[in-house]
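> Got a sequence here, can you build the structure:
(chains A, B, C and D)
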2 protein chains.
Amino acid sequence: MSHITLDDVAKVSGFSKSTVSRVLRNDPNVNPITKEKVEQVAQRLGYIPNIVARSLRSKKTTTIGVVIADICNPFFPSVVRGVEDVAREKGYSIILCNTDEKYEREKEALNTLIQKRVDGLLISPVQKKFDDLLELRRQKIPFVLIGRHFDPLEMDHIVTDDIRGAFMATEYLIKKGHKKILFINGPLYTSCARERMAGYKKALVENNIKLDTKLLKEGALKMEDGYRVIKKAISSKLDFTAVFAFSDLVAFGVIKALKEQGRKMPDDVAVVGYDNIDFGFSLELPLTTVHIPKYELGSEGMKLLHRKINEKINETQKIVLDTKLIIRDSA
Amino acid sequence: MSHITLDDVAKVSGFSKSTVSRVLRNDPNVNPITKEKVEQVAQRLGYIPNIVARSLRSKKTTTIGVVIADICNPFFPSVVRGVEDVAREKGYSIILCNTDEKYEREKEALNTLIQKRVDGLLISPVQKKFDDLLELRRQKIPFVLIGRHFDPLEMDHIVTDDIRGAFMATEYLIKKGHKKILFINGPLYTSCARERMAGYKKALVENNIKLDTKLLKEGALKMEDGYRVIKKAISSKLDFTAVFAFSDLVAFGVIKALKEQGRKMPDDVAVVGYDNIDFGFSLELPLTTVHIPKYELGSEGMKLLHRKINEKINETQKIVLDTKLIIRDSA
DNA sequence: TGATAATTTGAAATCGATACCAAATAAGCT
DNA sequence: AGCTTATTTGGTATCGATTTCAAATTATCA
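Predicted coordinates for the structure are as follows:
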């Protein structure tokens, strides 16, 4: 006795495979009495449906792929949690893949996910290239981008209003009297870095502050990056009174470097982060930051994906969630 | 043209399905010249193997289930990352499920994972009941418990030495002169809470300190729990000079409450946490804590699972990883 | 009551691969 | 050359469900 199959249930209950299948799928076209009988037999035999077989025939796996940079980046757990909650509710499981911000890894992940025939994908794309995404489109596999988007490519996505987020952060610093705001931005191949740059510049322009390109740094993703930039800035005597960091993680590095250099926060240097990750509040000086609705990014993204999978929506859906400034003590 | 199948590749290349299948699986029993030809055709047609079909026949899905309490609990991302890295390397994908520490959710998760025919499971069990795990065993599905274990049940697991961890933490506090150490433990249905309790008591005994049950609290899992316990302890004038918390998360709550009550750390009250999560260092006063090798818990757990799946190991494997005390400033 | 429609059931084909065994071909050796 | 063995290939059954379409049964109503 290897495993009880639908066949076994059919034989024992005396009904056909078709009928048994209908019962187990809760197909309404079946006599309640029959249903009852079949269910009892299934129960008694300890029948466990084989979803692999079902998937092969029905061409649905009730599984979706979630491709992110790194679950250890405190930005992502909430996103993934949002996805999983909605996915579970709708009957999907999620396969999680980390790319470490490497295009090749993203491509590999998408490949196996395609081969495993996931019903759809939620992707926080690396954005160094996008051939792999075009391939998804060619395969007609529904997918939704999370947190980043490719502007001219007309792909479904859910993002946050980063122009506004960066604008608010920068303007807040300006209103506090800062004119020399060091902007440690992320890699410019990401849409969010480009948009935050736009927000930063917009705030400067509207407040008649001339852009100083020496105050623009890019490519920061991790704590070390923030740390390194500050160390270098200080050793090269760069003049700045405030720092706007690409992420809270980067801001943490900034704060660490500042502390080591004996610069006081927020008096010597004001610091504003981005993301509003947990524990940003538990710093020596709670971090002022721009809040991103991370959970909603995931949950709403999954809802959109679900619609994409089940309804035939042709137009590209673009969702933009609001950001908001969280004022605490670091600026 | 819906999708290119192995059949199509066979027809176009002129070889049989069997041969084509062998080529695509890298079976060595095939003429290199044939292999070359078939691969070219597959490439040209844009053939994408259907792993669902393969899984049905081969009874292997190259997918494993990962069941944890909550990816948003900062303890888990590293664990999951460790799992995923090794899994990917060995050719597996991971399906992630959150249980929120609820038995019913765990049971549901295991059910769908069984139905999806995962090759194995990594589980951080809720431990309120374990019928679902016995069912896994009955189904002969390999699984490894992570971070928690059921002592008399002889199940494979990978855990940390929590008796020693709690012992070290407690003894450290004692050596610092503390005699009244409030122990805010986790729920006693978890093996780790019970072991930490044992470590705590052992340290007291070895140092001739009488156990005061009023200093024992249990059931704490989240920040709020730590916060609440301290508030209540202080309002009821409980006498303590140190706190040993079940987790860093709980310790954060403790610290918050302490701060609100105007008690200084570490002079009025010393605090020690557990887990050594990221950002524990970035507190006002960096947190003294017990380090758990989270990544290794995941990666080694996955390695063990892989062996369990591929070799027929009958004896139960129990792995115990070392904990270590991280001395910082909070105690 | 008899014709028609609705409900319920079943038989067979199918999803796309792998497994198993047999056949064909090539290689090795006395 | 002739026989044995190794290598390579092919045919068919199979994994375990769903789908499609037809048949049987029951219900509806003039």
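> Please report the distance of residue A:48 from residue B:60.
17 Å (CB to CB, to the nearest Å). Heads up, the C-betas are built off the backbone N, CA and C, glycines and all.
> How about residue A:226: what's its closest non-neighbour residue?
Excluding the flanking residues, the one nearest residue A:226 by CB to CB, 6 or more residues apart in numbering or on different chains is residue A:253, at 2.9 Å.
> Which residue ranges of the stretch 51-200 of chain A form helices?
Assigned by DSSP state H, counting those that start in this stretch, the helices in the stretch 51-200 of chain A fall at A:51-58, A:76-90, A:103-115, A:131-138, A:162-175, A:191-206.
> Give me the mean pLDDT for the fifth one.
Put plainly, it is helix A:162-175. When pLDDT is averaged over helix A:162-175, the result is 98.
> same for it, what does it pack against?
strand A:181-184, helix A:191-206, strand A:242-245, strand A:270-272, strand A:289-291, strand A:324-326 (3 or more CB pairs under 8 Å, 6 or more residues apart in numbering or on different chains; DSSP states H and E).
> was I right about residue A:141 contacting residue A:121?
Yes. The criterion here is CB atoms under 8 Å, and residue A:141 meets it with residue A:121 at 6.6 Å.
> Compare neighbour counts for the two and give me the winner.
Ranked by neighbour count (other CB atoms under 10 Å in any protein chain shown), residue A:141 and residue A:121 place residue A:121 first, with 24 against 19.
> follow-up on the earlier one: any idea which of the helices and strands packed on helix A:162-175 is most buried?
For those, the stretch with the most neighbours on average is strand A:242-245, a mean of 30; neighbours defined as mean count of other CB atoms under 10 Å in any protein chain shown.
> avg pLDDT for that one?
Throughout strand A:242-245, pLDDT has a mean value of 97.
> Residue A:152: which of the helices of the stretch 51-200 of chain A is closest?
For residue A:152, the closest of those is helix A:191-206, at 11.2 Å, according to CB to CB.
> ok, residues contacting that closest one?
A:127, A:147-151, A:159-160, A:162-171, A:174, A:181, A:183, A:185-188, A:210-211, A:216, A:218, A:244, A:246, A:274 (CB atoms under 8 Å, 6 or more residues apart in numbering or on different chains).
> could you check the angle helix A:162-175 makes with it?
Interaxial angle, helix A:191-206 versus helix A:162-175 (axes from the mean of the first three to the mean of the last three CA atoms, to 10 degrees): 40 degrees.
> Past helix A:191-206, which element shows up next along the chain?
Later in the chain than helix A:191-206, the nearest helix or strand by DSSP states H and E is strand A:216-217.
> List the contacts of the helix or strand following that next one.
Later in the chain than strand A:216-217, the nearest helix or strand by DSSP H and E is helix A:223-235. Applying CB under 8 Å, 6+ apart, the contact partners of helix A:223-235 are A:182, A:184, A:217, A:219-220, A:240, A:243, A:245, A:249-254, A:256-258, A:260-261, A:263.
> which of the residues you listed count as buried?
For these, a burial check counting by 16 or more other CB atoms under 10 Å in any protein chain shown picks out A:182, A:184, A:217, A:220, A:240, A:243, A:245, A:249-254, A:256-258.
> tell me the contacts of the residue nearest the centre of chain A?
What sits nearest the mean C-alpha location of chain A, by CA atoms, centre = their mean, is residue A:146, with 4.6 Å. When contacts are counted by CB under 8 Å, 6+ apart, residue A:146 touches A:68, A:79, A:122-124, A:157-159, A:297-298, A:301.
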